[in-house]
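*Asks:* coords please:
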Amino acid sequence: EMETDIYKEQLKRIKEYMGKIPVNTVTTATINKLIVELGKIKAGGRMITEKNREKRKPLSPKTIKNTISFISAVFHYGKKMGYIDKNPCNGAELPRIQKTENIYKPTELAMFMSELENPQNEVPLRYEVIVKMALFGGMRLGEIMGLEWKHIEFDGDEYTDKPVIHIRQSKSYIKATNCD
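*Replies:* Got it, this is the predicted structure:
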């Protein structure tokens with residue numbers, strides 16, 4: 001249902017700016033103008049004005065990209081069916097998405113670990129292990145879920161390329177090797 005709402009919101013934005021333009025006349029320049037216009041919309045569909053500029057954030061570059069991707073899929077289908085010669089979204093100047101790193105502060109990490117290990121929260125051990133491997137080992141969920149016992153070595157002195165996690169009585173650490 002949430003995905004349907006997202007598509008409805010995208011359609012609303014697209015109709016507002018392209019509703020009267022015949023499909024076979026849409027060019028890459030038209031798409032680029034739409035991208036600029038989408039950048040002027042506040043989240044929730046309202047245009048940016050001097051009065052609401054402070055209250056609401058503009059659409060994110062990711063939301064704009066998702067909207068153009070949606071349009072592109074429609075044009076791709078139109079091209080496939082022979083209604084248009086080319087997809088005008090190809091070559092459009094999409095906004096850059098700023099990558100952000102979410103790094104926990106030591107106090108946040110301590111609070112998170114305290115909640116994770118609190119017996120009253122009844123967090124299953126398997127989830128606790130997954131979270132700790134992600135936090136302390138820097139592993140992504142796919143890497144954690146792909147681990148097998150052959151990738152784990154307990155109290156070994158000689159390391160091979162196969163084990164990824166080495167566990168000693170004093171400490172555990174993760175060795176950067178392939179899981180293949």
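*Asks:* from now on I want contacts and neighbour counts done on CA atoms only, so please keep to that.
*Replies:* Noted.
*Asks:* so where's the protein uncertain?
*Replies:* For the chain, applying pLDDT under 70 flags the ranges 1-2, 41-57, 153-180.
*Asks:* and the longest helix for this structure?
*Replies:* helix 61-80 (DSSP state H).
*Asks:* what residues sit buried inside the host helix or strand of Met111?
*Replies:* Using DSSP states H and E, Met111 sits within helix 106-117. The neighbour-count check on helix 106-117 (16 or more other Cα atoms under 10 Å) flags Leu116 as buried.
*Asks:* for the longest helix of the chain, packing partners?
*Replies:* Applying 3 or more Cα pairs under 8 Å, 6 or more residues apart in numbering; DSSP states H and E, one finds that helix 61-80 contacts helix 28-38.
*Asks:* now the angle from the helix it packs on to helix 61-80?
*Replies:* Helix 28-38 and helix 61-80 are oriented at 150 degrees to each other (axes from the mean of the first three to the mean of the last three Cα atoms, to 10 degrees).
*Asks:* packing partners for the helix holding Met111?
*Replies:* By 3+ Cα pairs under 8 Å, 6+ apart, helix 106-117 packs against no helix or strand.
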